[in-house]
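Enquirer: fold the following.
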Amino acid sequence: VASPSADPAHAFAVAWRTDGSVQSPLLEVAVAGDSPAIEGVRQLRASTQTLQSENGLSHHHRVQVEGLQPDTLYVYRVQGNGGWSAWNQLRTAGTAGQPLTLLYFGDTQNKNLSHVSRVVRAAQKAAPDARISLFAGDLVSGGDGADDSEWGEWFAATGWLAQETLVAPAIGNHEYFEEFEDTPQERRVLGRHWPVNFALPGNGVAAADTSTYWFDVQDVRVVVLDGTSALDLGTAQAQAQWLDTVLSSNPRAWTIVLLHQPFYSPR
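Expert: So this is what the prediction gives:
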């Protein structure tokens, strides 16, 4: 899955998963030419984290791809156990003044493989030039020891969309789990998949550093908040102060603030 850097005209990041035998694999990237021959390949070494789930041990890898040109089509592929992925094509963001097409998805959450896959395919057909895909939280339902399998369905459903557009997700309450549920000690705990599934910019507020971030894409500044942490973990004030700082220094004509919870809810 590819995700934006703070400046996606010049950089993007990639996260991928392998079995536990792969440690610090490579990513290869090059400018996409008109020929099947791929020339000028750069190799970048990934950092690796481990995850233990109901499906066993997995390794999650991350690479930041920098030094890119705006509005340019690149190819990249990632290394696994004994081989490589297919070459993926991804166009970097353009410069200010260029029109921007992006996709927005609400809670995918349930029946990702059987139902959400249809929505994703329809979106790609409707907007084939989309550079960014925003997901507004609750990507999976979670809980009951099925997180890993549900994330597997989400990645299967998103398919090429996650590899060839820049995926910018907000975190929802279902990306957390409830520890000590129905006791006085009940609390929200960040799920272990979120920090390893996405290679996000890491420029958020310290109180919610894995789930808040921002990036500039053409004439838009996108700011992503963590509503669950604000409501249940006491980070609302810290996020609000950080948001004020990010918006007060915003040179872009447009702003999108993305978060899972609605500002005005019927509940």
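Enquirer: isn't Glu28 right up against Gly40?
Expert: No. Look at Glu28 against Gly40 with CB atoms under 8 Å: they stay out of range, at 10.5 Å. For every residue, glycine as well, the C-beta is placed using N, CA and C.
Enquirer: if I pick Arg131, what's in contact with it?
Expert: Pro8, Arg91, Ala93, Gly94, Leu100, Thr101, Leu102, Thr165, Leu166, Val217 (CB atoms under 8 Å, 6 or more residues apart in numbering).
Enquirer: repeat for His174
Expert: Taking CB under 8 Å, 6+ apart as the test, what His174 contacts is Gln109, Gly137, Asp138, Leu139, Val140, Ser141, Gly142, Gly143.
Enquirer: most neighbours among the residues you listed, which one?
Expert: In terms of neighbours by other CB atoms under 10 Å, these top out with Leu139 at 31 neighbours.
Enquirer: hmm, back to that, between the contacts of Arg131, which is closest to Thr48?
Expert: Nearest to Thr48, judged by CB to CB, of the contacts of Arg131 is Leu166 at 22.1 Å.
Enquirer: more neighbours, Glu28 and Gly40?
Expert: Neighbour count, other CB under 10 Å: between Glu28 and Gly40, Glu28 has more, with 18 against 8.
Enquirer: hey, where'd the strands end up in the stretch 51-200 of the chain?
Expert: Along the stretch 51-200 of the chain, the segments classed as strands by DSSP state E, counting those that start in this stretch run 56-65, 73-78, 88-91, 102-105, 132-135, 166-169, 176-179, 187-190.
Enquirer: hmm, who's touching the fourth one?
Expert: By CB under 8 Å, 6+ apart, the list of residues contacting strand 102-105 from outside reads 119-120, 123, 127, 130-136, 161, 165, 217.
Enquirer: now that strand: buried residues?
Expert: The neighbour-count check on strand 102-105 (16 or more other CB atoms under 10 Å) flags Leu102, Leu103, Phe105 as buried.
Enquirer: contacts only, for the residue nearest to Thr50 when sequence neighbours are not counted.
Expert: Counting by CB to CB, 6 or more residues apart in numbering, the nearest residue to Thr50 once its immediate chain neighbours are dropped is His59, at 5.9 Å. By CB under 8 Å, 6+ apart, the contact list for His59 reads Arg17, Thr18, Asp19, Gly20, Ser21, Val22, Gln23, Thr48, Gln49, Thr50, Leu51.
Enquirer: distance of His59 relative to Ala2?
Expert: With distances taken as CB to CB, to the nearest Å, His59 is found 18 Å from Ala2.
Enquirer: then Gly80?
Expert: Using CB to CB, Gly80 is found at 16 Å from Ala2.
Enquirer: and for Val29?
Expert: Distance, Val29 to Ala2, using CB to CB: 11 Å.
Enquirer: where does this structure dip in pLDDT?
Expert: 143-145, 181-182, 185, 267 (pLDDT under 70).
Enquirer: picking up where we left off before, so can I have a markdown table of the buried residues of strand 102-105 showing distance to Ser85?
Expert: Compiled in a markdown table, the buried residues of strand 102-105 are given as follows (distance: CB to CB, whole Å):
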| residue | distance to Ser85 |
| --- | --- |
| Leu102 | 25 |
| Leu103 | 22 |
| Phe105 | 23 |
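Enquirer: from the residues you listed, which is closest to Val257?
Expert: Closest approach to Val257 among those (CB to CB): Leu102, at 14.2 Å.
Enquirer: partners of that closest one in the sheet?
Expert: Taking DSSP bridges, one finds Ile132 as the beta-bridge partners of Leu102.
Enquirer: for it, give its distance to Asp129.
Expert: Leu102 sits 10 Å away from Asp129, going by CB to CB.
Enquirer: does Ala136 touch Gly172 like I think?
Expert: Yes. Between Ala136 and Gly172 a contact is recorded at 7.5 Å, counting by CB under 8 Å.
Enquirer: noted, bye for now.
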